[in-house]
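Asker: I would like the atomic coordinates for the input below:
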Amino acid sequence: MHFARTPFLIKKLYHSGAVWTMPCVDKKVYLTFDDGPVPEATPFVLETLAKFKAKATFFCVGENVSKHPELYKEIIAQGHSVGNHTYNHLKGWKTSCDDYLENVARCRNAVTSDLFRPPYGRITKLQGRLLGKNFKLIFWTILSGDYDPDVSPEMCFNNVVNNLEPGAIIVFHDSIKAFGNMSACLPRVLSFCNEQGYELASIPQSARCEVKNELNLKLVNEL
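Answerer: Residues are numbered from 1 along each chain as shown. Just a heads-up that it's a prediction; the model follows:
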């Protein structure tokens, strides 16, 4: 089960430093893609975004970047932003804090970014607090549900457009599992956003990721 729109109570109970919606005075929305890059899905996403002159943010799994560096470089070359999604797509609730931070640091060797999104949105409060010292924790406003086999492309489309608002962070997946729903839904969402006058923007990264490219694993031992 998932919520297309994140309930207010979950936001309040979750990590205090988490970003769920971008501050926005203009009519912008922020598409994000998790779990890539993979050759079965990422090229389609890039081609579709280019067709609609849209920018997005790709939360990359480090292992996939290592396997497909040319796709990662193409994401950057086309002007999109990137974020860290751990090296092995770990679930924080089932991983020790030391192992989780080490896996994030390993991903950072492949993905130069100060943006981080936990796979499944699941990290402990300790993991979130420590990662918040080195990263902006990016969650979401709208979950398309493209990865869910019980969600049809039409449901996926409605999950997005029925909850659209300025500043919304929208989650899709450039993964094999989600490709059927995502590929059917994404062009329609982009067309709808254009018709409604929304600009599709990437989440900005700060300059600090240019110079600070190592996660301080000693933070755990300082508690």
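
Asker: Kindly indicate whether residue 89 is helix, strand or coil.
Answerer: coil (DSSP: H, G, I helix; E, B strand; the rest coil).

Asker: can you tell me the average pLDDT over the longest strand that the chain contains?
Answerer: Secondary structure of the chain per DSSP state E: the longest strand is strand 28-34. Here strand 28-34 scores 97 as its mean pLDDT.

Asker: what does the very next helix or strand once past that strand contact?
Answerer: Beyond strand 28-34 in the direction of the C-terminus, DSSP states H and E gives the next helix or strand as helix 42-51. For helix 42-51, contacts defined as Cβ atoms under 8 Å, 6 or more residues apart in numbering pick out 31, 33, 36, 55-56, 58, 68, 71, 74-75, 78, 80, 172, 174, 179, 182-183, 186-187, 190, 200. In short, each C-beta sits where N, CA and C put it, glycine included.

Asker: Please flag which of those sit within helices.
Answerer: Among these, the ones falling in helices (DSSP state H) are 71, 74-75, 179, 182-183, 186-187, 190.

Asker: Select from those residues the one having the most neighbours.
Answerer: residue 186 (27 neighbours; other Cβ atoms under 10 Å).

Asker: That residue: what's it in contact with?
Answerer: 45, 48, 172.

Asker: Now the buried members of those.
Answerer: Buried subset of the contacts of residue 186 (neighbour count, 16 or more other Cβ atoms under 10 Å): 45, 48, 172.

Asker: give me the low-pLDDT residue ranges for the protein?
Answerer: Applying pLDDT under 70 to the chain picks out residues 1-16, 207-223.

Asker: which stretches of it form strands?
Answerer: 28-34, 56-60, 81-84, 115-116, 136-137, 142-143, 169-173, 199-200.

Asker: Please identify the most buried of those.
Answerer: Among these, strand 56-60 has the highest mean neighbour count (mean count of other Cβ atoms under 10 Å), at a mean of 28.

Asker: picking up where we left off before, indicate which one of the strands of the chain is closest to residue 123.
Answerer: strand 136-137 (8.2 Å; Cβ to Cβ).

Asker: Please identify the pairing partners of the closest one and their relative orientation?
Answerer: strand 115-116 (parallel) (DSSP bridges).

Asker: From the chain's centre, how far out is the partner strand? Work that out for me.
Answerer: Centre-to-centre, strand 115-116 and its host chain are 8 Å apart (Cα atoms, centre = their mean, to the nearest Å).

Asker: just stretch 157-167 next, same as before
Answerer: Here the centre of stretch 157-167 is set off from its chain's centre by 16 Å, with Cα atoms, centre = their mean.

Asker: Residue 157 contacts residue 191, correct?
Answerer: No: counting by Cβ atoms under 8 Å, residue 157 does not reach residue 191; the two are 10.4 Å apart.

Asker: of those two, who's got more company?
Answerer: residue 157 (20 against 12).

Asker: what sits against the more buried one?
Answerer: 185, 188-189 are the contacts of residue 157 under Cβ under 8 Å, 6+ apart.

Asker: Next: residue 100.
Answerer: Residue 100 touches 86, 90, 92, 123, 127, counting by Cβ under 8 Å, 6+ apart.

Asker: Just send the residues you listed back as JSON lines, with neighbour count too.
Answerer: Shown next, in JSON lines, are the contacts of residue 100 (neighbours: other Cβ atoms under 10 Å):
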{"residue": "86", "neighbour count": "28"}
{"residue": "90", "neighbour count": "21"}
{"residue": "92", "neighbour count": "24"}
{"residue": "123", "neighbour count": "28"}
{"residue": "127", "neighbour count": "22"}
